[in-house]
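S.K.: Show me how the following folds:
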Amino acid sequence: MHHPTQPAHTPVPLHYGDALIHPPAIPGPRALPAEIPPGIQLVTLPDGTRTLAYAPLPEPLPAQGIPRWAKTTALLTPAIGGGIAAAGIGISYAAPGLAALSHALWAVVALVATGAAVTLARPRRAAARPTTHITQHITATGWFGKATGTIHHR
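M.R.: As a prediction, the model looks like this:
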């Protein structure tokens, strides 16, 4: 019977000429299992030797196609960009006319405001009120004479 701290058997290194084909196993692990990096695992070989080995890579996921909305967006992007560019060029050509139209509209607004002010400032004549007539007579003698006058209300 063997002691638990000693390996069950002692591996024998294989030599081919002067080259060592299989190095001897290290008695006992030198790294804790938590220290083993991902992708490497502790394996037991057919002869009972435990050693570290690279874990087989998982199979890659099958390639997925491009979603339909992404294709549609990619195809529409140049058309939308061209439409925006054309609109910008059209606005740049129309800008002088739009500026003149804006000035004309402000002139119409000013004319309407002036007409409203004149209409509101004009006194209203009511049919019920009588009309007042004022007559004034002024007389003066000489160039620098004193002027006198009378006012008559009718």
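S.K.: residue ranges of the strands in the protein, please?
M.R.: 14-16, 19-22, 40-44, 50-54, 134-140, 147-153 (DSSP state E).
S.K.: Adding mean pLDDT as columns, could you present those strands in CSV?
M.R.: CSV is the format used below for those (pLDDT from 0 to 100):
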stretch, mean pLDDT
strand 14-16, 58
strand 19-22, 59
strand 40-44, 83
strand 50-54, 83
strand 134-140, 82
strand 147-153, 80
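S.K.: And the pLDDT for residue 27?
M.R.: Residue 27 carries a pLDDT score of 62 in this model.
S.K.: when you give positions from now on, start the count at 19
M.R.: All right, first residue 19 from here; so that's residue 45.
S.K.: Dump the strands of the chain to CSV, plus mean neighbour count.
M.R.: C-betas here are computed from N, CA, C, even on glycine. Output for the strands of the chain, formatted as CSV (neighbours: other Cβ atoms under 10 Å):
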stretch, mean neighbour count
strand 32-34, 9
strand 37-40, 10
strand 58-62, 12
strand 68-72, 12
strand 152-158, 9
strand 165-171, 9
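S.K.: and residue 136, which of these is closest to it?
M.R.: Among those, the nearest to residue 136 by Cβ to Cβ is strand 152-158 (25.2 Å).
S.K.: rewinding a little: please tabulate the strands of the chain in TSV and include distance to residue 94 as additional columns.
M.R.: Formatted as TSV, those follow (distance: least, Cβ to Cβ, whole Å):
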stretch	distance to residue 94
strand 32-34	67
strand 37-40	64
strand 58-62	49
strand 68-72	47
strand 152-158	82
strand 165-171	85
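S.K.: of all those, which lies closest to residue 83?
M.R.: Once the strands of the chain are compared by Cβ to Cβ, strand 68-72 is nearest, at 32.4 Å.
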